[in-house]
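Colleague: Test case, fold it:
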Amino acid sequence: MTDISRLRNIGIVAHIDSGKTTLSERILFYTGRIHQMIEVRSKTGSGPTMDSMDLEKEKGITIQSAATYCEWKDYVLNLIDTPGHIDFTVEVERALRVLDGAVLVLCGVAGVQSQSITVERQMRRYSVPRIAFINKVDRSGANPDKVVKQLEEKLYHRPVLLTMPIGLEDNFKGVVDLLDMKAVYYDGDNGEIIRKDDIPAHLIDEARKRRLMIVETLADFDDNIAEKFLEDGEVSKDEMLPVLRKQTKNLHITPVFVGTAKQNKGIQTLLDGICDLLPCPSDISNHALDRDNSEEKVEIETNPDKPTVALAFKLEEGQYGQLTYMRIYQGRLRKGDNIINVKTGKKIKVPRLVRMHADEMNDIEEALAGDIVAMFGVDCSSGDTFTDGRVNYSMTSIYVPNSVIELSINPKDKASRVNFSKALNRFQKEDPTFRVGRDEESGDTIMKGMGELHLEIYVERIAREYNCEVVVGQPKVAYREAITKSISFNYTHKKQTGGSGQFARIAGSIEPLPLDAAEPYEFENKITGGAIPREYIPSCDKGFQEQLRQGVLIERPVVGIKVVLNDGQHHPVDSSDLAFKTAAKSVIREIMHKAAPVILEPVMKLETSAPEEFQGVAIGQINQRRGIIINTQVDSGYVTIDAEIPLKEMFGYSTDLRSSTQGKGEFTMEFLRYSRVPKSVQEEIIEEYKERKLNK
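Modeller: Sure thing, here's the model as predicted:
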């Protein structure tokens, strides 16, 4: 049984191509979990341990977060390697929801990039303490000091550099441990032999200066260190470590380590930092909602003897059925235990309990509070809470962003329909950002996701894993509609069909909400004096919501709308739930046109980088696509352009950028917000929609 203070639940997060998977591979090697390191773009075709999907090995990217566990010295690490590509952002989201700490990997050359800012936002959402690892300091143009400055200026961290490089680029030899004031070298074929030595003479002054900077930062948080700092006294490592650990947990500082995963230098020092500075499960306070007490917030303790509370944060279809990853927050789980899915009320027997090592599994009999394990044969969805029945608690679920792109998809032949539908059901269950619907007019199946790559991966997986060839339509933008004017309504629904009829009168107003409102729809009930009986109010709300799924311009969902109900009338015999629901739907159909409706389009945050000589071309291409340049920065012969650009204009951008920059241009983009479409473009979209309708 692991001493909980020696357990670390950590994730590796970063911008795409910063070296997360390579770092995870090195951690597994040095902790003795694997005995051979395989590169991400290995020509052997076997791929790294943590990229176990065929598609991951082929494309050299991480698509699914992968979990494993390993031991370093006398600590146990549950480690999750997450994707860097924005299309798979939900994988990062759900990993951070259940982790107690993270390692933010930054490229020593590129520094803080667009996706680094995104994962920082996600870490803040779940208050995840982190340490930073500046990777690739052996690469040409590496500058750790620049990256530390960016941590401060772009991510608003308070970085504390704990190791400094001995040499840079081709001359990178090892690191100086600024707490021990020793040089650390990584000898042997794979950097497995750690050799500590005196700091090289030419670096002693710089090391002393940097150590003093650590002491100065910690003096703001500890009186004893402050006193010694003011009196020029010596502060020992033992005095600094508890303060570093506490302030890392409080998110006040970010310890920073340097190294190169690919050249096997600096990893063991980082592992020491993970164990010394990141919190254990009992250091973090977690909350649940008590469903028996108006969903009041209750603190749950990392205590194995308390009632069990666990969260299913990730599902995967394996060869033995559905595999459910669980974080146990309180209590314990044993093989054969009965647990209850709080959402569905279903009782489930735990048939098999395992610890995951990428795609391998090790059976265990029991797991305690604080641990991350996996179970088979548990029917649930991502984000479901499980208890042992002694409490009725629900953990807050995972934030799921809206999908911004869609494709029509159909099986090539009728024989594949069963497999096609199995695949879509499974992928929807596994990935909350992958959504499937139906185009009522054409009868096509529509799949929606976070980007072209996201949907492309699922199309390939349907073909490979379910032996089902599909026909895919052109990508379409997930537009929304909104109103820009407030309009009052007073509507009576009357229907007489012999016997009891239908009667409902409703009055109130619809108002536009700000585009950045927390919820896309609000309903306010201002009915007084029983003008509409209380039991019919939910039917009105339901009717409004149902009709708002289809706008009046291009039949897209209406967002940013508030409906206020302030008057009405009912009939003792003819009024019913159906009558009020029908009245609400009719109101929206009738008055939407009067509320000056507009089309909203997804606007993306774009980061393009290319060699400096192509700066003019790259900026020109963005401008031509209705992009707005926010910032340009030239560094080490490369220009980085930050822009905001409508998703509609981004189809085909990848090909254009590569062909105009001799294949050297790269870009990343992520959803930023919904924005009003310019009038001329709106007319164009409406015309396209009408034409499509006519052709059907």
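Colleague: Tell me which strands the longest strand along the chain pairs with, and in which orientation.
Modeller: Here the longest strand in the chain is taken by residue count, with DSSP state E as the criterion, and it is strand 598-611. Applying DSSP bridges to the sheet, strand 598-611 is found paired with strand 480-482 (antiparallel), strand 638-646 (antiparallel), strand 666-676 (antiparallel).
Colleague: Burial-wise, tell me which of the ones you listed comes out on top.
Modeller: Highest mean neighbour count of those: strand 480-482, a mean of 22 (counted as mean count of other Cβ atoms under 10 Å). All C-beta atoms are positioned from the backbone trio N, CA, C, and that covers glycine.
Colleague: picking that back up, specify the next element, helix or strand, located C-terminal of the longest strand of the chain.
Modeller: Past strand 598-611, further along toward the C-terminus, the next helix or strand under DSSP states H and E is helix 615-624.
Colleague: That next one vs strand 598-611, what angle?
Modeller: Taking axes from the mean of the first three to the mean of the last three Cα atoms, to 10 degrees, one finds that helix 615-624 is oriented at 170 degrees with respect to strand 598-611.
Colleague: hmm, back to that, mean confidence score for the longest strand of the chain?
Modeller: For strand 598-611, mean pLDDT rounds to 90.
Colleague: can you tell me the helix or strand for V681?
Modeller: helix 679-695.
Colleague: could I get that helix in CSV with only the CA atoms?
Modeller: As requested, C-alpha coordinates have been extracted for helix 679-695 and formatted as CSV (Å, rounded to 0.1, in the frame of the first residue of the first chain):
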residue,chain,number,x,y,z
LYS,A,679,-23.4,42.1,-43.8
SER,A,680,-22.0,41.2,-47.2
VAL,A,681,-20.8,37.8,-46.0
GLN,A,682,-24.1,37.2,-44.2
GLU,A,683,-26.0,37.7,-47.5
GLU,A,684,-23.6,35.3,-49.2
ILE,A,685,-24.2,32.6,-46.5
ILE,A,686,-28.0,33.1,-46.8
GLU,A,687,-27.9,32.8,-50.6
GLU,A,688,-25.8,29.6,-50.3
TYR,A,689,-28.3,28.1,-47.8
LYS,A,690,-31.3,28.9,-50.1
GLU,A,691,-29.5,27.4,-53.1
ARG,A,692,-28.7,24.2,-51.2
LYS,A,693,-32.3,24.0,-50.1
LEU,A,694,-33.6,24.5,-53.6
ASN,A,695,-31.3,21.7,-55.0
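Colleague: Return the list of helices and strands in contact with it.
Modeller: In terms of contacts (3 or more Cβ pairs under 8 Å, 6 or more residues apart in numbering; DSSP states H and E), helix 679-695 is packed against strand 598-611.
Colleague: List the buried residues in the strand it packs on.
Modeller: For strand 598-611, the neighbour count (16 or more other Cβ atoms under 10 Å) marks 598-610 as buried.
Colleague: again with stretch 428-444
Modeller: Using 16+ other Cβ under 10 Å as the burial criterion, the residues of stretch 428-444 that qualify are Q428, K429, E430, D431, P432, T433, F434, R435, V436.
Colleague: How much space separates the residue nearest to I628 when sequence neighbours are not counted from E607?
Modeller: Once flanking residues are discounted, I628 sits nearest to E644: 4.9 Å by Cβ to Cβ, 6 or more residues apart in numbering. The gap separating E644 from E607 is 11 Å, by Cβ to Cβ, to the nearest Å.
Colleague: was I right about R334 contacting V350?
Modeller: Yes. Counting by Cβ atoms under 8 Å, a contact exists between R334 and V350, whose distance comes to 7.0 Å.
Colleague: the more surrounded of the two?
Modeller: When R334 is set against V350 and neighbours are counted by other Cβ atoms under 10 Å, the residue ahead is V350, at 20 against 14.
Colleague: which residues touch K265?
Modeller: If you count contacts by Cβ atoms under 8 Å, 6 or more residues apart in numbering, K265 has them with D138, F172, G174, V175, Y186, G191, G259.
Colleague: ok, of those, which come out buried?
Modeller: Members of those that pass the buried threshold by neighbour count (16+ other Cβ under 10 Å) are listed as D138, F172, G174, V175, Y186, G191, G259.
Colleague: Would you reformat these as JSON lines and include secondary structure?
Modeller: As requested, the buried ones among the contacts of K265 are arranged in JSON lines below (DSSP: H, G, I helix; E, B strand; the rest coil):
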{"residue": "D138", "secondary structure": "coil"}
{"residue": "F172", "secondary structure": "coil"}
{"residue": "G174", "secondary structure": "strand"}
{"residue": "V175", "secondary structure": "strand"}
{"residue": "Y186", "secondary structure": "strand"}
{"residue": "G191", "secondary structure": "coil"}
{"residue": "G259", "secondary structure": "coil"}
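Colleague: ok, G620 - how many residues close by?
Modeller: Other residues within reach of G620 by the criterion other Cβ under 10 Å amount to 12.
Colleague: And it, how far from K542?
Modeller: With the distance defined as Cβ to Cβ, G620 ends up 50 Å from K542.
Colleague: Now do the phi/psi pair for I4.
Modeller: Backbone torsions of I4, given as degrees, to the nearest 10, read phi -60, psi -30.
Colleague: That one reaches I284, doesn't it?
Modeller: No. Judged on Cβ under 8 Å, I4 makes no contact with I284 at a distance of 11.3 Å.
Colleague: Between these two, which contacts overlap?
Modeller: Counting by Cβ under 8 Å, 6+ apart, the contacts common to I4 and I284 are T302.
Colleague: what's the angle from the longest strand of the chain to helix 679-695?
Modeller: Using the same axes, to 10 degrees, the inter-axis angle of strand 598-611 relative to helix 679-695 is 110 degrees.
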